[in-house]
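K.L.:
Sequence plus predicted model, see below.
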Amino acid sequence: MKVLWGNQIVDREDVRIDIEDRGYQFGDGIYEALRIYNGEPFMFDEHYARLERSAKKIKLILPFTKLALKANLYQLIAAEQLTEGGAYLQVTRGMTGPRDHSIPKSTETKAVLTANLFEYDRPLAMQKTGLTGCVVPDQRWLHCDIKSLSLLGNVLSLNAAEEQGYQDALLVRDGFFTEASASNLWFVFGDTFYTHPDGNLVLPGITKLHLLDLIRMAGLKVSETPVPVEKLQAADEIFVSNSIWEVVPIVSVDGKPVGTGKLGPKTKLLQEKYIASTKA
């Protein structure tokens, strides 16, 4: 397996990360995950823009330019001969040592980039049958807009759902839905789509951004407004979106069906429009 390490395409077993790397010790780093369709990284520019924003927010200097990263990603895709799948890349602040909580000066450390690819087919069965979910308190930190390596809050929320026999967690903070455990969360009431507005409580999803464009281009109604938890039972449809799964319905919450308990017509319409856009 070939991976991108710094500015080189190397064998995975040749990668060496220091035990005092701040990503390992503090979760001091950021990441992106994107889909590859027909050998092309989908919405690369938007993913890179978010990576830059996350880096700026944690005062990390990226060790590459946009053009250099894209060129290396294409080299990695060619080396792995990947047609359909995904890419995961992360940037840590690097190694300082001895261990110190203080953010080092940019001259004292160099960020470390690693990236790998994985084969992945569109999850058609999951997109059709959907997932079960349950309401879980959102106990994550208050910088969810940063795509940070520190994902323990997300991990624990998903585990809380799975321990109760559900497949995902619908997170609630101060009486309003924010996200799912690893996805943006959407509701349909009547003829209108609802999703939480961007801000520090949710990740500004790239798939969410694209879906907002698709909805508006189709002349459909959408409102970036937080949904209160008491309106859960009135939802006609609920779905989640992320770059890997695309659009997946939530067919029941806390054991109660959402709408008909099956893939709803508006969710299905967005699935179709999204898939068509990946082939354009």
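P.N.:
Alright, I've got the coordinates.
K.L.:
Contacts only, for residue 63.
P.N.:
Going by CB atoms under 8 Å, 6 or more residues apart in numbering, residue 63 touches 6, 91, 110-113. In short, each C-beta sits where N, CA and C put it, glycine included.
K.L.:
Identify the residue spatially nearest to the most centrally placed residue in the chain, adjacent ones excluded.
P.N.:
Nearest to the mean C-alpha position of the chain, by CA atoms, centre = their mean, lies residue 242 at 5.2 Å. Nearest non-adjacent residue to residue 242, counting by CB to CB, 6 or more residues apart in numbering: residue 183, 4.3 Å away.
K.L.:
is it true that the one you found touches residue 243?
P.N.:
No: between residue 183 and residue 243 there is no contact under CB atoms under 8 Å: 9.5 Å.
K.L.:
neighbour count winner among the two?
P.N.:
The neighbour count for residue 183 versus residue 243, taken as other CB atoms under 10 Å, is higher for residue 183 (25 against 21).
K.L.:
State the distance from that one to residue 67.
P.N.:
Per CB to CB, to the nearest Å, residue 183 is found 30 Å from residue 67.
K.L.:
what does residue 34 give?
P.N.:
Taking CB to CB, one finds residue 34 at 17 Å from residue 67.
K.L.:
these two touch, right, the residue nearest to the centre of the chain and residue 205?
P.N.:
Yes: with contacts counted by CB under 8 Å, residue 242 reaches residue 205, the gap being 6.5 Å.
K.L.:
before we move on, what SS does residue 109 have?
P.N.:
Put simply, residue 109 is coil when judged by DSSP: H, G, I helix; E, B strand; the rest coil.
K.L.:
That one - how many residues pack around it?
P.N.:
Residue 109: 20 neighbours (other CB under 10 Å).
K.L.:
For it, list the residues it contacts.
P.N.:
With contact set as CB under 8 Å, 6+ apart, residue 109 has these partners: 22, 93-96.
K.L.:
Show the buried residues in the residues you listed.
P.N.:
Buried positions within those, assessed by neighbour count (16 or more other CB atoms under 10 Å), are 22, 93-96.
K.L.:
Out of those residues, which sit inside strands?
P.N.:
The members of the buried ones among the contacts of residue 109 all map outside strands under DSSP state E.
K.L.:
Dump those to a markdown table, plus distance to residue 128 and pLDDT.
P.N.:
Listed next are the buried ones among the contacts of residue 109 as a markdown table, based on distance: CB to CB, whole Å; pLDDT from 0 to 100:
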| residue | distance to residue 128 | pLDDT |
| --- | --- | --- |
| 22 | 42 | 96 |
| 93 | 42 | 96 |
| 94 | 44 | 95 |
| 95 | 46 | 91 |
| 96 | 49 | 83 |
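K.L.:
residues shared between the contacts of residue 242 and residue 205?
P.N.:
183-184.
K.L.:
Check the spacing between residue 262 and residue 129 real quick.
P.N.:
Taking CB to CB, one finds residue 262 at 8 Å from residue 129.
K.L.:
if I look at those two, which residues touch both of them?
P.N.:
With CB under 8 Å, 6+ apart, residue 262 and residue 129 have common neighbours residue 251.
K.L.:
Just the helices from the stretch 101-250 of the chain, written as ranges.
P.N.:
For the stretch 101-250 of the chain, helices defined by DSSP state H, counting those that start in this stretch occupy the ranges 124-129, 152-163, 206-217.
K.L.:
pLDDT averaged over the helix or strand hosting residue 266 - what is it?
P.N.:
Residue 266 belongs to helix 265-279 when assigned by DSSP states H and E. If you average the pLDDT over helix 265-279, you get 98.
K.L.:
Stretch 207-216 now?
P.N.:
98.
K.L.:
Mind telling me what element residue 50 is part of?
P.N.:
helix 44-57.
K.L.:
Please save the CA atoms from that helix in PDB.
P.N.:
The C-alpha coordinates for helix 44-57 follow below in PDB (Å, rounded to 0.1, in the frame of the first residue of the first chain):
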ATOM      1  CA  PHE A  44     -11.200  19.100  -3.700                       C
ATOM      2  CA  ASP A  45     -11.200  22.900  -3.700                       C
ATOM      3  CA  GLU A  46     -13.900  23.000  -1.100                       C
ATOM      4  CA  HIS A  47     -12.200  20.500   1.100                       C
ATOM      5  CA  TYR A  48      -8.900  22.300   0.800                       C
ATOM      6  CA  ALA A  49     -10.600  25.600   1.700                       C
ATOM      7  CA  ARG A  50     -12.000  24.000   4.900                       C
ATOM      8  CA  LEU A  51      -8.600  22.500   5.700                       C
ATOM      9  CA  GLU A  52      -7.100  26.000   5.400                       C
ATOM     10  CA  ARG A  53      -9.800  27.500   7.700                       C
ATOM     11  CA  SER A  54      -9.200  24.800  10.300                       C
ATOM     12  CA  ALA A  55      -5.400  25.300  10.100                       C
ATOM     13  CA  LYS A  56      -5.800  29.000  10.700                       C
ATOM     14  CA  LYS A  57      -8.100  28.500  13.700                       C
END
